[in-house]
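K.L.:
build the 3D model from these lines:
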Amino acid sequence: MVKEVQELKVSIENISYSRTQIATQLEDTRRRLEDEDRRRSTLESQLHTLEMELESTRVQLEEESEARSDIERHLSKANGDVLVWKSKYESEASARAEEIEELRYKKNTSKNHFKDGLFSILLIIN
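P.N.:
Down below sits the predicted model:
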């Protein structure tokens, strides 16, 4: 019976040792689980922040895209206006240039006519 008691004590010690090891493993596992839970929570928070930044960036991109479209539309209209005004003023300038050329021709003709008259008068006087 002493042998049986001794075997039981050894068995109890082994069970106690195993129980201590299992308790230690359980505690380590709990700590790792808590660490993983904190890490997961941190990652979820970072993900949420990034999603908010992404949405903000999308909104900003959309606004800038609309602004760019407006600017391009205004630029296109302004370029059209420039072409209209340029055409108008070029045609007016062309018409004025023709008028000036005609006046220059009339002036030269009149000048030549007066010169001829002056020479005729000078010939008569001399």
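K.L.:
centre of the chain to whichever strand or helix holds Glu98, how far?
P.N.:
Applying DSSP states H and E as the criterion places Glu98 in helix 2-125. Distance of helix 2-125 from the chain centroid (C-alpha atoms, centre = their mean, to the nearest Å) equals 0 Å.
K.L.:
now it: average pLDDT?
P.N.:
When pLDDT is averaged over helix 2-125, the result is 93.
K.L.:
what helices or strands is that helix leaning on?
P.N.:
Using 3 or more C-beta pairs under 8 Å, 6 or more residues apart in numbering; DSSP states H and E as the contact test, no helix or strand touches helix 2-125. For the C-beta atoms, the positions are set from N, CA and C on the backbone; glycine is no exception.
K.L.:
how many residues are close by Glu4?
P.N.:
If you count neighbours by other C-beta atoms under 10 Å, Glu4 ends up with 8.
K.L.:
so what touches stretch 46-56?
P.N.:
Residues outside stretch 46-56 that contact it (C-beta atoms under 8 Å, 6 or more residues apart in numbering): none.
K.L.:
same check on stretch 32-43?
P.N.:
By C-beta under 8 Å, 6+ apart, stretch 32-43 touches no other residue.
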